[in-house]
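Visitor: Pasting the sequence and the predicted model now:
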Amino acid sequence: MMRYLALSVCFSLLPLAVCAQSGGNGEKERDITLQEAIALARVQSVDAAVALNELKTAYWEYRTFRANLLPEMNFTGTLPSYNKSYSSYQNSDGSYSFVRNNTLGASGKISIDQNIWFTGGKLSLMSSLDFVKQLDAGRSRQFMSVPVGLELTQPIFGVNTLKWDRRIEPVRYAEAKAAFIEATEEVTMTTITYFFDLLLAKETLATARQNKENADRLYEVAIAKRKMGQISENDLLQLKLNALQGKADVTQAESNLNAMMFRLRSFLGVSEQDNLNPVLPATVPDVDIRYDDVLSKALERNSFAQNVRRRQLEADYEVATAKGNLRSIDLFASIGYTGQDRNFSSSYRNLLDNQIVEVGVTIPLLDWGKRRGKVKVAESNREVVLSTLRQEQMEFNQNIFLLVENFNNQAQQLMIAAEADQIAEKRYRTSVETFMIGKISTLDLNDAQNSKDEARQRHISELYSYWYYFYQLRSLTLWDYENNAELEADFEDIVRR
């Protein structure tokens with residue numbers, strides 16, 4: 001009988017491995033490592049697609065800004081213009097009469113326009129041609145040409161939007177590029193969470209199955225021991241309850257595993273026929289992290305630093321705009337040559353000067369302080385923004401400090417959890433053997449089992465926290481600590497995918 005009990009104990013302690021095999025519903029078991037899951041998520045997940053589209057939007061906005069600084073060629077025209085109508089005409093005696101118009105016309109202008117960013121003006125080199133033909137008696141026609149003309153439009157006191165754009169838009173695009181890399185790292189962090197949730201569910205199911213197997217065998221042995229009077233009826237009933245609880249735990253663990261499997265598959269964008277089997281990472285990165293170094297890299301490379309700079313500039317721009325609206329003076333100047341004749345070729349001969357200079361002024365004489373009030377509002381808003389940014393900067397630094405502390409402590413926590421897992425497993429095996437010879441009660445056995453299960457789950461949880469903190473540091477600093485290199489991307493190639 002004792003030999004039979006020993007054999008039963010040995011079989012009860014065999015761990016249940018999850019074997020890779022095809023299920024009856026056509027599912028394929030597929031081992032997947034953490035790095036493989038991360039690679040899939042960065043390419044196929046919805047979060048990665050959202051990050052890519054946000055980058056593309058920022059890229060084309062920046063391209064549009066750059067295009068505003070380059071010369072632009074335009075053609076405007078009316079081809080043709082037919083007019084058959086009556087219009088009022090004042091006679092020499094002051095009376096009015098209606099004159100019939102019956103004309104056919106056409107006009108066209110080609111211009112090369114260049115925005116002047118340092119003054120905020122616009123310079124245009126243009127050439128135009130107008131044609132009018134009377135369709136009534138006489139059927140006269142006339143061409144008017146402007147072979148070459150130069151126009152300048154220049155605000156004198158208004159805000160120079162282009163100059164501010166040259167300061168703000170590069171910062172905005174740098175912020176978007178940094179945010180894309182951060183979003184990629186955040187996709188990784190989400191993948192880590194889902195991966196370890198599935199891994200924990202898998203381990204929980206394996207543990208539940210092992211516990212159920214052990215409970216069933218211990219109950220069978222207990223029946224035999226009860227017949228020999230070696231244990232009480234109360235202990236026998238407790239072991240029967242353990243066997244029933246083990247069966248319930250397996251059912252619950254299977255349901256949780258299916259839920260975690262579905263979530264990870266959906267996030268990675270893989271087929272529902274793939275039965276993912278997460279592989280426990282064998283090692284973790286061994287890196288030395290210092291707060292000063294992390295803070296320096298974060299302030300230099302993180303999108304938060306660019307965001308702070310952009311918001312400061314935008315607040316300054318709002319103040320400059322409010323001040324520019326206090327008065328408005330615009331200069332328009334046009335110089336060139338013009339000619340007119342009944343014949344097309346002759347209209348380009350005997351050219352005459354064509355000069356226009358206009359200065360438009362808008363100065364409020366009495367607005368009850370409305371424009372001054374807008375300046376004060378803009379200045380107050382700027383102070384609010386600056387105060388908010390100072391607070392955000394303090395919180396940013398504090399979060400980095402706490403993250404570095406947590407990461408540096410996590411290596412020690414992981415080592416302790418791994419050792420505790422081994423000890424708890426060994427204690428459980430010893431408790432089973434001791435229970436078999438009747439030296440401990442079922443309460444002690446249950447306590448050893450619970451400690452074993454909790455130690456295993458804690459080991460996986462600590463491993464998850466280490467990886468999560470590690471990629472959170474990468475996201476904040478945009479730095480690869482394993483290879484000691486910057487996290488970079490070919491943005492020109494990415495936006496053209």
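Guide: Received the coordinates, thanks.
Visitor: Please make it C-alpha for all contacts and neighbour counts, starting now.
Guide: Noted.
Visitor: Do a quick rundown of the helices in this structure.
Guide: Secondary structure of the chain (DSSP state H): helices located at 2-12, 34-44, 46-68, 161-227, 233-268, 291-301, 303-324, 370-436, 442-477, 491-494.
Visitor: now the angle from the third one to helix 161-227?
Guide: Yep, that's helix 46-68 we're talking about. Between the axes of helix 46-68 and helix 161-227, defined by axes from the mean of the first three to the mean of the last three CA atoms, to 10 degrees, the angle is 170 degrees.
Visitor: for helix 46-68, what is the average pLDDT?
Guide: Per-residue pLDDT over helix 46-68 has a mean of 93.
Visitor: Point out the other helices and strands that it packs with.
Guide: Applying 3 or more CA pairs under 8 Å, 6 or more residues apart in numbering; DSSP states H and E, one finds that helix 46-68 contacts helix 34-44, helix 161-227.
Visitor: I'd like to know how many residues surround the closest residue to Asp47 other than its chain neighbours.
Guide: Distances taken as CA to CA, 6 or more residues apart in numbering put Val187 closest to Asp47, at 6.5 Å, once the chain neighbours are dropped. For Val187, the number of neighbouring residues by other CA atoms under 10 Å comes to 23.
Visitor: pLDDT averaged over stretch 427-444, what's the number?
Guide: Across stretch 427-444, the per-residue pLDDT values average to 82.
Visitor: for stretch 341-353, same thing?
Guide: Within the predicted structure, the mean pLDDT of stretch 341-353 is 85.
Visitor: where's that stretch relative to the chain centroid, distance-wise?
Guide: 61 Å (CA atoms, centre = their mean, to the nearest Å).
Visitor: hmm, who's touching it?
Guide: With contacts defined as CA atoms under 8 Å, 6 or more residues apart in numbering, stretch 341-353 is touched by 140-147, 335-340.
Visitor: what angle do the longest strand seen in the chain and helix 161-227 make?
Guide: The strand that spans the most residues within the chain, counting by DSSP state E, is strand 96-116. For strand 96-116 against helix 161-227, the angle by the same axes, to 10 degrees is 60 degrees.
Visitor: so what secondary structure elements neighbour strand 96-116?
Guide: For strand 96-116, the helices and strands in contact under the criterion 3+ CA pairs under 8 Å, 6+ apart are strand 72-90, strand 121-134.
Visitor: Point out the most buried one among those.
Guide: Ranked by average neighbour count under the criterion mean count of other CA atoms under 10 Å, the helices and strands packed on strand 96-116 are headed by strand 121-134 at a mean of 19.
Visitor: Now it - C-alpha only, CSV.
Guide: Extracted in CSV, the C-alpha atoms of strand 121-134 (Å, rounded to 0.1, in the frame of the first residue of the first chain):
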residue,chain,number,x,y,z
GLY,A,121,4.4,90.6,-48.1
LYS,A,122,3.8,89.1,-51.5
LEU,A,123,5.7,89.8,-54.7
SER,A,124,4.2,88.9,-58.1
LEU,A,125,5.7,88.9,-61.6
MET,A,126,2.8,88.9,-64.1
SER,A,127,1.8,89.2,-67.7
SER,A,128,-1.8,89.6,-68.9
LEU,A,129,-3.9,90.1,-72.1
ASP,A,130,-7.5,91.4,-72.4
PHE,A,131,-9.7,91.3,-75.5
VAL,A,132,-13.1,93.0,-76.1
LYS,A,133,-15.1,92.8,-79.3
GLN,A,134,-18.3,94.8,-80.0
